[in-house]
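Novice: Need a 3D model of the following:
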Amino acid sequence: MGHDYYGYDKERLLESPKMRLYCLEDNEAVFRQMAGQMVQEIEKNKEIGKRTVFICPVGPVGQYPYFVDMVNEKGISLKDVWFINMDEYLDDGKKWVSTDHPLSFRGFMQRQVYGKIRPELVMPPEQRIFPDPENTGRIPKLIEELGGVDIAFGGIGINGHVAFNEADGSMTAEGFLALKTRVLAISPETRAANAIGDFAGALEDMPKYCVTVGMWEIAHARKIRLGCFRNWHRAVVRRAGYGDATADFPVTLLRDHEDITLTFTEYVGRLKD
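Specialist: Numbering: from 1, shown residues only. Predicted structure coming up:
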């Protein structure tokens, strides 16, 4: 027997999910919302003299052009803002891929975000953080020093992963939620999905390893904001909203967070094209 929730239309999907779900018109609306949430949090914290700390993805990335434009147009200083990126691909030696690698998240952030923000507004390099495979203990310690994460932004992988916290049905929920920044092998499912979505299907050249912030860092953020917009997100959103809470689909383990939302597009809300 299949799972009934995969057959839920948009109205049924939004009826009584186990996680707060929202549907917006299209990708632009979802990405504009995310950029707006970033700016709103920064401005709110500025008013009370507080720094802002985000966990940021490179996937989704559609929010960044809107964010960059808003920062530049409104003249928002990011000098008291910290971006902790979720993850990065590693080479076979388990070192960061080079920034000129087409999949490098570090390269993307430099070219498309930091390099496009007015120099007098952008945060200094030491506030642009990536998990380091040679110092995995740094990020949990840094988050503690900074007073916690305001918002963790992200997407959801085909097996329910958030960041690169790959599904592991052998683990308990408690054990999985305790995982911190670490190096791990990328699952075959994730490598295939990412090759299709980001690398023109070049599966043989997809990196096999990554470094990622853990579920612990994400789960302890004050807010979690997730976005889904791809074809296969139709199934992901339905399982996230209605499936059992299990380490076999990690996003479900975040459902007890006091302030988590998942926003998807009308396209994802439909059962078929």
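Novice: Got phi/psi on residue 201?
Specialist: phi 80, psi 10 (degrees, to the nearest 10).
Novice: From residue 188, how far out is the closest residue to it other than its chain neighbours?
Specialist: Spatial nearest neighbour of residue 201, excluding adjacent residues (CB to CB, 6 or more residues apart in numbering): residue 195 at 5.6 Å. To be clear about C-beta, it is placed using only N, CA and C from the backbone, and glycine gets the same treatment. Noted for residue 195: a distance of 10 Å to residue 188, by CB to CB, to the nearest Å.
Novice: Neighbour count for the two, which is higher?
Specialist: More crowded of residue 195 and residue 188, by other CB atoms under 10 Å: residue 195, with 17 against 12.
Novice: And the more buried one, how close does it get to residue 247?
Specialist: 24 Å.
Novice: As a check, name the ranges of all helices in the stretch 101-250 of the chain.
Specialist: 105-112, 138-146, 173-177, 188-198, 215-219, 233-242 (DSSP state H, counting those that start in this stretch).
Novice: what's the burial count for the residue nearest to residue 191 when sequence neighbours are not counted?
Specialist: Leaving aside its sequence neighbours, residue 191 sits nearest to residue 206 (CB to CB, 6+ apart; 4.7 Å). Neighbour count for residue 206, taken as other CB under 10 Å: 18.
Novice: any low-confidence regions in this protein?
Specialist: 1 (pLDDT under 70).
Novice: With adjacent residues omitted, what lies nearest to the spatially most central residue of it?
Specialist: Nearest to the mean C-alpha position of the chain, by CA atoms, centre = their mean, lies residue 154 at 1.9 Å. Of all residues not flanking residue 154 in the chain, residue 57 sits nearest, at 4.6 Å (CB to CB, 6+ apart).
Novice: which residues sit in contact with the one you found?
Specialist: 85-87, 153-155, 163 (CB atoms under 8 Å, 6 or more residues apart in numbering).
Novice: before we move on, back to that, what would the helices of the stretch 101-250 of the chain look like in JSON lines with distance to residue 271?
Specialist: Shown next, in JSON lines, are the helices of the stretch 101-250 of the chain (distance: least, CB to CB, whole Å):
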{"stretch": "helix 105-112", "distance to residue 271": "32"}
{"stretch": "helix 138-146", "distance to residue 271": "39"}
{"stretch": "helix 173-177", "distance to residue 271": "29"}
{"stretch": "helix 188-198", "distance to residue 271": "20"}
{"stretch": "helix 215-219", "distance to residue 271": "29"}
{"stretch": "helix 233-242", "distance to residue 271": "7"}
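Novice: I'd like to know which of these is closest to residue 37.
Specialist: helix 215-219 (15.8 Å; CB to CB).
Novice: Name the single longest helix found in the protein.
Specialist: helix 27-47 (DSSP state H).
Novice: quick one: buried residues of that one?
Specialist: 27, 30-35, 37-38, 41-42, 45 (16 or more other CB atoms under 10 Å).
Novice: How about stretch 66-83?
Specialist: For stretch 66-83, by 16+ other CB under 10 Å, it's 66-68, 70-71, 76, 78, 81-83.
Novice: mind checking the end-to-end distance for stretch 169-187?
Specialist: Start-to-end span of stretch 169-187 (CA to CA, to the nearest Å) is 13 Å.
Novice: which residues sit in contact with the residue nearest to residue 133 when sequence neighbours are not counted?
Specialist: Spatial nearest neighbour of residue 133, excluding adjacent residues (CB to CB, 6+ apart): residue 211 at 4.4 Å. Each residue near residue 211 by CB under 8 Å, 6+ apart is listed here: 87-88, 90, 96, 130-133, 136, 164, 181-183.
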